[in-house]
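In: Build me a structure from this.
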Amino acid sequence: MDKKDPATSVNKVVADYGIKGIPAKFVIDEKGDICFKLTGFSGGNDAAVEELSAMIDMAKKNAQNN
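Out: Have a look, this model is predicted:
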């Protein structure tokens, strides 16, 4: 959970990742690099799972090739 910092009133994760809307979904590789970033939601839960699964598979293949 990204709670606001009481001293700065800033949501650190929102600021660091440049989140502009919700939900925000990220696929991050083992190096900590963002491979995919999606904002918003369309379709049902099954479509979201399929979409994210495909992105994770592509990130894994990319990591194996590098």
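In: what ranges do the strands span in the protein?
Out: 24-28, 34-39 (DSSP state E).
In: could I get these as TSV with distance to Ala47?
Out: Just so you know, the C-beta spots here come from the backbone N, C-alpha and C atoms, and that holds for glycine as well. Shown next, in TSV, are the strands of the chain (distance: least, CB to CB, whole Å):
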stretch	distance to Ala47
strand 24-28	12
strand 34-39	12
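In: Could you export those as JSON lines, including mean neighbour count and distance to Asp46?
Out: Formatted as JSON lines, the strands of the chain follow (neighbours: other CB atoms under 10 Å; distance: least, CB to CB, whole Å):
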{"stretch": "strand 24-28", "mean neighbour count": "15", "distance to Asp46": "15"}
{"stretch": "strand 34-39", "mean neighbour count": "15", "distance to Asp46": "16"}
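In: Pairing partners for the residue nearest the centre of the chain in the sheet, please.
Out: Nearest to the geometric centre of the chain sits Phe26, at 1.3 Å (CA atoms, centre = their mean). Under DSSP bridges, the beta-bridge partners of Phe26 are Lys37.
In: show me the contacts for it.
Out: 17, 34, 36-38 (CB atoms under 8 Å, 6 or more residues apart in numbering).
In: can you check Phe36 too?
Out: Phe36 touches 25-27, 55, 58-59, counting by CB under 8 Å, 6+ apart.
In: List just the nearest of those residues to Lys4.
Out: Nearest to Lys4 among the contacts of Phe36 is Phe26, at 20.2 Å by CB to CB.
In: List just the nearest of the contacts of Phe36 to Val10.
Out: Nearest to Val10 among the contacts of Phe36: Phe26, at 19.0 Å, using CB to CB.
In: Would you quantify the distance from that closest one to Asn11?
Out: Phe26 sits 15 Å away from Asn11, going by CB to CB, to the nearest Å.
In: Thanks a lot, see you next time.
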